[in-house]
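Engineer: okay, sequence plus prediction incoming.
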Amino acid sequence: MYDTPTMEAVNFAYQPKRFASGIGWYFRGPHHPTHAQAAIRMKYHSHRDLREMQRIARLLPDEQVLRRPWSPRYSKLWKRWLDNKGPDIVIVFE
């Protein structure tokens, strides 16, 4: 019945350090979260969102992206993902 794991079922960990550095890819400016702030902000994104952030972050090393003048390329990838991903399903247990 469950031959191929879905994206949600695969064990996945996205580090707050990577999340904090990835913010520079998507948003212009010098204000990036600390690792502690990143750990908190990650809770506002779904598992699918974090996987997409990781996919985008693997396109090039940080040094190549952040050394150049900021480009909206990765911001556009992120915004396109948000527009096309569809709703997140939330299950709440009480």
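Structural biologist: Structure's in. What do you need?
Engineer: next SSE downstream of the worst-scoring helix or strand of the chain on mean pLDDT?
Structural biologist: Here the helix or strand of the chain ranked lowest by mean pLDDT, DSSP states H and E is helix 62-67, holding a mean of 68. Tracing the chain past helix 62-67, the next element assigned as helix or strand by DSSP states H and E is helix 73-84.
Engineer: list the buried ones in that following helix?
Structural biologist: For helix 73-84, burial by neighbour count (16 or more other Cβ atoms under 10 Å) applies to 74, 77-78. Quick note: C-beta positions are derived from backbone N, CA and C, even for glycine.
Engineer: now the residue most central in space within the chain, what are its backbone angles?
Structural biologist: Residue closest to the average C-alpha location in the chain (Cα atoms, centre = their mean): M53, at 2.5 Å. Geometry field for M53 lists phi and psi as phi -60, psi -40, criterion degrees, to the nearest 10.
Engineer: which ones are touching it?
Structural biologist: M53 sits next to 14, 19, 22, 45, 78 when contact means Cβ atoms under 8 Å, 6 or more residues apart in numbering.
Engineer: restricted to helices, list those.
Structural biologist: Counting by DSSP state H, the part of the contacts of M53 found in helices is 19, 22, 78.
Engineer: count of residues packed around P16?
Structural biologist: Using other Cβ atoms under 10 Å, P16 has 17 other residues around it.
Engineer: please read the previous query as pertaining to E63.
Structural biologist: By the measure other Cβ under 10 Å, the count of residues near E63 is 8.
Engineer: from A38, how far off is it?
Structural biologist: 19 Å (Cβ to Cβ, to the nearest Å).
Engineer: one step back: just the buried subset of the contacts of M53, written out for PyMOL, thanks.
Structural biologist: Remark: buried members of those, expressed as a PyMOL selection using 16+ other Cβ under 10 Å:
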select buried, resi 14+19+22+78
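Engineer: from the contacts of M53, pick the one nearest I91.
Structural biologist: Ranked by distance to I91 (Cβ to Cβ), the contacts of M53 are led by H45 at 16.6 Å.
Engineer: sweet, I'm off.
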